[in-house]
Each structure stands twice: as structure tokens, then as C-alpha cells.
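# Next input, structure requested:
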Amino acid sequence: MAELLELWLPILLSAVGVFVVSSVIHMCTPLHKGDHGKLAGEGKVLESMRAEGVTPGMYMFPCASSMKDMGTPEMIEKYEQGPVGYVTVLPTGTPAIGKSLLQWFLFSVVVSIFVGYVCSFSLGKDIEYMAVFRLASTVAFMGYSMATICDSIWKGAAWKVTCKFMFDGLLYALTTAGIFASLWPSA
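Numbers count the residues shown, from 1 in each chain. Sure thing, here's the model as predicted:
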């Protein structure tokens, strides 16, 4: 069994590798160009939201106050008239990309720690490259990709967009696995 502390280098380097791969995907390819559409009547909608004092948070519309209220004729009418959806409102101002990038890197470190944790308990020190690669890529893929499915199931995200993010997750998983397998401690 490999010790988790012995895996500090592949943990950090795989997080750096994923950060680089994600930067290339989002800055140098058109893969995610059409993921978000512009809201029709954006100016009027934003003006109305400002006038209503909408604060940062996640909102559903129409929004019933309870499960019981969802079945009332008034709510059913609202759902049938539409639109129905979810909105995430961010804090006012230019998006804090630096903060988001730091959080993304820290998330990648956490995924890599879990990869290291599972691999350290499941694999011996003297193990072949592909055994490490298979397990590390599976755990990393789960960490980077599986949660995106919930956005399509529950929040109406287009399955096409979810599949693109899962493809990203596959690339992150392969990057993570390659680094772990290459730097796996031998007996």
C-alpha cells in the first residue's frame, strides 16, 4: 500500500496539469462558445430585476412556497403559461475571475487528494502503470464529471452542454491519471 503523503507530488502536479488543460480548453478552443444564450429582452429584464432589488442567489420561477402549493390551480397555470426556469444571480460588478480560478485550482487539488486516497488504499507500491492509470482516471472522472449530470436532470441544462463538460472531465481525468501513474512510488 502506498501512503497518501508519498503522493504529494502527483497530487499537486495533476492539479496544475488539469488547470493548464482547462485553460487551453476554455481559452483556445471554441468548444464552450455556445453554452449560454443571451436572454431576450435582456435590458428590460435587468432593469426590472434592479427595480425589484434582486440580490445574489439562486432563483426558480415560478416558485411555489411549498410542495402543496405546487399542485394548486394558480401554480399549475403559472407553469403552463411559462416561462419556467432557474436563474443564478452573481454579485454586482465585473466577475472575479481570479477568485474563480483559485477556487478551480483548489477544487482540482481536492479531486487529486481523493484520487490519491483511493489509489493509496487500493494499490500496492509495486504496481504496473496501467493499473494506477485505470483507477486514477476512474476516480478523477467521477470527481470532475458526474455532478454535471445533475444540472441536466434537475435544472434543465442542455444535455449537449453537460456532455461537453463531461468530455472536459474526461480530459482532466486522463491528465490526472497519467501524472499519478508516471509518478507512482515503487517498492
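
# Residue 26 and residue 78: what is the separation?
Residue 26 sits 37 Å away from residue 78 when distances are taken as CB to CB, to the nearest Å. Yep, even glycine has a C-beta here, placed from its N, CA and C like the rest.

# same question but for residue 36, I mixed them up
Remark: distance between residue 36 and residue 78 (CB to CB) = 25 Å.

# the more surrounded of these two?
Set side by side, residue 36 and residue 78 show unequal neighbour counts under other CB atoms under 10 Å, the larger going to residue 78 at 16 against 8.

# Show me what the top helix by length along the chain is packed up against.
Using DSSP state H, we find that the single longest helix of the chain is helix 97-122. Based on contacts counted as 3 or more CB pairs under 8 Å, 6 or more residues apart in numbering; DSSP states H and E, the elements that helix 97-122 packs against are helix 8-28, helix 129-145, helix 159-182.

# quick one: average pLDDT of the next helix or strand after the second one?
Sequence-wise, the next helix or strand downstream of helix 129-145 (DSSP states H and E) is helix 148-154. Mean pLDDT, computed over helix 148-154, is 94.

# which helices and strands does helix 148-154 pack with?
Looks like helix 148-154 contacts helix 159-182 (3+ CB pairs under 8 Å, 6+ apart).

# Residues contacting the helix it packs on, please?
7, 10, 13-14, 17-18, 21-22, 25, 31-32, 35, 108, 111-112, 115-116, 119, 129-130, 132-134, 136-138, 140-141, 144-145, 148-149, 151-152 (CB atoms under 8 Å, 6 or more residues apart in numbering).

# Same question for stretch 3-16: list its buried residues.
Of the residues in stretch 3-16, those buried by neighbour count under the rule 16 or more other CB atoms under 10 Å are 7, 10-11, 13-15.

# Just the closest of these to residue 73, please.
residue 15 (52.4 Å; CB to CB).
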